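Visitor: from the sequence below, what's the structure:
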Amino acid sequence: MLSRVSKKLFASITKPASKEYLTEAQVKQYEEDGFLVIKNFLPAHIRDNLIGWANEMEKLPETPGKWMKYFETDKTTGKRLLCRVENFLPFYEDLRELSYGMINDMSGELFREPSVIYKEKINFKFPHGNGFTAHQDQPAFVSFGLKTLLTVLLPIDPNTRESGGLDFAYGLHKSKNIMPQNSDGGIRTDLEARMNWFPIDAAAGDLVFFDSYSPHRSDVNFSTFTRRNLYLTYNPLSEGSYREKYYIMKREMFPQECERNPNRDYSEGAKVFNVANPINK
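Guide: Residues are numbered from 1 along each chain as shown. The predicted structure is shown next:
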């Protein structure tokens, strides 16, 4: 079975980029706005499996050397809440096929050249789970000198205003500059206040692509259900393939809690791997 996945990966990352899934108008809209929303795109069997995959990952035990689980603290109750699971593609074949196949190809169409996966995560926002302050993703991707990346959001649960859906700011990715930041890595508050924010309401089956320089944010989950989002990040293949190196570096500099040395300070690693999010440092 693994050989079949490897062949799919090889075919996906070596073929020339061509518009099999997106129109030229959609690609230009992405280039202009810094994000692209495609409604009800995923095949039904993938859409319907997203919940099952997320449920399984939520129950995975915290295990050194495998998947990586990160937590936040509920400001009201002090309870530890699951916030993120990363590095799960080696353990989920169907998700590998999706990530290295169709979504990889669509990302290549937006780059206008072949792409390769850089990292993956599911963000869990439980009821009362904290939001992410306005930020760009690019500051978290500086480790290997990559010039630009894009991330694909696959909603698992409804992204609404109540559940803490995302907002994006139009067109501010074009300069390819990292904006002045607050101490948590978020965009400086006075700059955020002057931006034109566009709220994204999305559901399972939708896809949201966004540039690594595109400002975005989300609010607290005020709903009664957990809002889970799957994110797949890609870079142009011409700039190299770094997924394995990324997770080796993250496990060293900002590991999950079950792998941390209680006598070590991870604050420097948090500056790269914990930008503008509520994960426990």
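
Visitor: quick one: the strands in the stretch 51-200 of the chain?
Guide: For the stretch 51-200 of the chain, strands defined by DSSP state E, counting those that start in this stretch occupy the ranges 68-73, 80-86, 115-125, 132-135, 150-155, 166-169, 197-199.

Visitor: ok, now how distant is Pro114 from Asn277?
Guide: Relative to Asn277, Pro114 is positioned 30 Å away (CB to CB, to the nearest Å). Every C-beta, even on glycine, is put in place using the N, C-alpha and C of the backbone.

Visitor: no wait, Ala54
Guide: Noted for Ala54: a distance of 18 Å to Asn277, by CB to CB.

Visitor: again with Asp206
Guide: Per CB to CB, Asp206 is found 22 Å from Asn277.

Visitor: which one of the two has more residues nearby?
Guide: Asn277 (22 against 19; other CB atoms under 10 Å).

Visitor: which residues does that one contact?
Guide: Contact analysis of Asn277 by CB atoms under 8 Å, 6 or more residues apart in numbering lists Cys83, Arg84, Phe132.

Visitor: just the buried residues from these, in ChimeraX please.
Guide: Applied in ChimeraX, the following selects the buried portion of the contacts of Asn277 according to 16 or more other CB atoms under 10 Å:
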select :83,84,132
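
Visitor: tell me if I'm right that Asn87 and Pro64 touch.
Guide: No - if you go by CB atoms under 8 Å, Asn87 and Pro64 don't touch, sitting 11.8 Å apart.

Visitor: ok, the two, which is more surrounded?
Guide: Between Asn87 and Pro64, Asn87 has the larger neighbour count (other CB under 10 Å), namely 21 against 10.

Visitor: quick one: the more buried one and Glu58, what's the gap?
Guide: With the distance defined as CB to CB, Asn87 ends up 15 Å from Glu58.

Visitor: check Asp33 too.
Guide: Asp33 is 33 Å from Glu58, by CB to CB.

Visitor: and if you look at Gly131?
Guide: 20 Å.

Visitor: and Gly145, by the same measure?
Guide: As judged by CB to CB, Gly145 and Glu58 stand 35 Å apart.

Visitor: so which residues of this protein form helices?
Guide: 2-14, 24-33, 44-59, 93-100, 102-111, 189-193, 243-253, 267-273 (DSSP state H).

Visitor: just the ones you listed: most buried one?
Guide: Most buried of the helices of the chain by mean neighbour count (mean count of other CB atoms under 10 Å) is helix 102-111; its value is a mean of 23.

Visitor: what does that helix contact?
Guide: By CB under 8 Å, 6+ apart, the residues outside helix 102-111 that reach it are 12-13, 17-22, 27, 30-31, 36, 114-117, 150, 152, 154, 207, 209, 232, 234, 236-237.
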